[in-house]
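**Student:** Just to be clear, the model below is a prediction. Sequence and coordinates:
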Amino acid sequence: MVHERGEVLFEDALNGSPSPGWRVPPENFVEHPEYGTVYLLEPGAKRRTIENPPWVGDTSWKCYRLEFEVCTTGENDGWVGPDFHVQEDGACNNLQFYSTREHNEVLFESSARWVKGQLAWKLFPFAQRTVKLPKGEWAKIRVDVGDTFANVYVNGDTKPCYTVRYLPFDRGGIRLWNYVGSGYFRNLRVTALAGGEIGPVLKDPWTAVIGEGVLRDWEMTPLFPEGTTREDALTAIADGTADWMDAPVDVRGVVAVSAAGITGSDRKGVIFARTVVRGAPSGCRLTYTDQITMWVNGIEVFQGEPRGWGDPGRSTEDGFGRLIPDQFEIELSLSEGENEILVRLKVNEPLFGSGFWMRIG
């Protein structure tokens, strides 16, 4: 189905009045002394997020403008925001901001979710700008959704605070979603945009590094148990108990292990990945989540420090464990012919996304 530009795909004031079209209708309406009847998104009892968030739309929705108002409660620290391009199996692109009880300046984040409960935000960069979202005040959020990108605007600003790219899904509905955080929502509206009507606006840190030299042709193993060594994995492949499969690689060349559907949101373990490099480049630049070890032609050349939630060095500068272009650099000694690169990636925090990226030259 092709939707006409400007066509209203869905709208709901979220004031408790019945509104047809929801796949999963919102249920938690509250009477606020100042705002009247509004929808409250808050974690479920003994859970970090509600079990079945409100969901509307289908894969006939492609390019659209998502608008809503949000007012954070200020009662707890955590993420709040919409899923968009939601698939029939629940996979989606995601947008959220981290609200805190102490600060009004927030930074939007984006992620993809290939399995239920996943956040995978380590695979995507932070927003380019921070914005003010004072507690107790309503903020107007507008998200112009393209095929594999989105521009995010706050309170009528003509310049977006975030252009997120490299999104894996290009069509689907929306959900209102949270992880620990909470907020009031109202005046939800989705309007069709024409293909080509919008484009990415803000520059992205990956743009300059996704050209020549990026390694894109990878194979990877299934998820092995924690503690599996290189020798263990190669033995399992040799005796037929495991095998190589094509690795999911995005436009940047990021090997998005989370997209393979083997980790779930809580399955820790180890994967191995390999590729072949021809020629004799002198250097390699890479980035990774969790922790990585790298061999070239069977010789260990790099063992990265752990980059988890509680590991030393976790900071804004470190991207809080996110993938950052050209984050690490190593010298290589390669032959003129074929050279096999093998990596071992520990999947320590599958909930937040696992993967790596590498370029040579």
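**Tutor:** Cool, the structure landed. Numbers count the residues shown, from 1 in each chain.

**Student:** pLDDT below threshold where in the stretch 151-300 of the chain?
**Tutor:** Applying pLDDT under 70 to the stretch 151-300 of the chain flags the ranges 280-281.

**Student:** Please enumerate the helices of it.
**Tutor:** 230-238 (DSSP state H, counting those that start in this stretch).

**Student:** give the contact list for residue 78.
**Tutor:** Residues in contact with residue 78 (C-beta atoms under 8 Å, 6 or more residues apart in numbering) are 43, 48, 98-99, 178-182. C-beta: built from backbone N, CA, C; applies to glycine.

**Student:** can you put the residues you listed in TSV and add neighbour count and distance to residue 87?
**Tutor:** Below are the contacts of residue 78 laid out as TSV (neighbours: other C-beta atoms under 10 Å; distance: C-beta to C-beta, whole Å):
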residue	neighbour count	distance to residue 87
43	16	24
48	14	22
98	18	25
99	26	27
178	22	20
179	18	19
180	16	24
181	25	24
182	19	26
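
**Student:** Helix, strand, or coil at the most centrally placed residue in the chain?
**Tutor:** Most central in the chain under C-alpha atoms, centre = their mean is residue 111, positioned 1.6 Å from the mean C-alpha point. Classification of residue 111 using DSSP: H, G, I helix; E, B strand; the rest coil returns strand.

**Student:** from the contacts of residue 78, which is closest to residue 213?
**Tutor:** residue 98 (34.0 Å; C-beta to C-beta).

**Student:** show me what contacts the closest one?
**Tutor:** Residue 98 sits in contact with 77-79, 106-107, 109, 181, where contact means C-beta under 8 Å, 6+ apart.

**Student:** thinking again about what came up before, look up which residues are beta-bridged to the residue nearest to the centre of the chain.
**Tutor:** Applying DSSP bridges to residue 111 yields these beta-bridge partners: residue 94.

**Student:** Neighbour-wise, give me the winner out of the contacts of residue 98.
**Tutor:** Within these, most neighbours by other C-beta atoms under 10 Å means residue 181, with 25 neighbours.

**Student:** Would you mind measuring from the residue lying closest to residue 276 once chain neighbours are set aside to residue 226?
**Tutor:** Excluding its sequence neighbours, the residue lying closest to residue 276 (C-beta to C-beta, 6 or more residues apart in numbering) is residue 338, at 5.2 Å. Computed as C-beta to C-beta, to the nearest Å, the residue 338 to residue 226 distance reads 31 Å.

**Student:** Likewise for residue 326?
**Tutor:** From residue 326 to residue 226 the distance is 29 Å (C-beta to C-beta).

**Student:** One more: residue 127?
**Tutor:** 33 Å.

**Student:** out of the two, which sits in the busier spot?
**Tutor:** Between residue 127 and residue 226, counted using other C-beta under 10 Å, the more crowded position is residue 127 (21 against 11).

**Student:** so the more buried one touches residue 150, yeah?
**Tutor:** No - the criterion here is C-beta atoms under 8 Å, and residue 127 misses it with residue 150 at 11.0 Å.

**Student:** wait, what's in contact with the residue nearest to the centre of the chain?
**Tutor:** Residue 111 neighbours (C-beta under 8 Å, 6+ apart): 93-94, 96, 118-121, 123-124, 353.

**Student:** and the helix or strand where residue 357 lies, what does it pack onto?
**Tutor:** Applying DSSP states H and E as the criterion places residue 357 in strand 355-360. For strand 355-360, the packing partners by 3 or more C-beta pairs under 8 Å, 6 or more residues apart in numbering; DSSP states H and E come out as strand 255-256, strand 283-288, strand 338-347.

**Student:** do you know which of those lies nearest residue 89?
**Tutor:** When the helices and strands packed on strand 355-360 are ranked by proximity to residue 89 (C-beta to C-beta), strand 255-256 comes first, at 16.9 Å.

**Student:** hang on, the earlier thing: just the CA coordinates of the strand holding residue 357, formatted as PDB?
**Tutor:** Extracted in PDB, the C-alpha atoms of strand 355-360 (Å, rounded to 0.1, in the frame of the first residue of the first chain):
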ATOM      1  CA  GLY A 355      29.600  -6.200  17.400                       C
ATOM      2  CA  PHE A 356      32.800  -4.900  15.900                       C
ATOM      3  CA  TRP A 357      34.200  -2.900  13.000                       C
ATOM      4  CA  MET A 358      37.600  -2.900  11.200                       C
ATOM      5  CA  ARG A 359      39.400  -1.200   8.400                       C
ATOM      6  CA  ILE A 360      42.900  -1.600   7.000                       C
END
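
**Student:** before we move on, back to that, number of residues surrounding the residue nearest to residue 276?
**Tutor:** For residue 338, the count of nearby residues is 11 (other C-beta under 10 Å).

**Student:** buried residues in stretch 292-301?
**Tutor:** For stretch 292-301, burial by neighbour count (16 or more other C-beta atoms under 10 Å) applies to 292-296, 301.

**Student:** just stretch 231-250 next, same as before
**Tutor:** 233, 236, 242, 247-250.

**Student:** quick one: the residue nearest to the centre of the chain from residue 323, how far?
**Tutor:** 12 Å.
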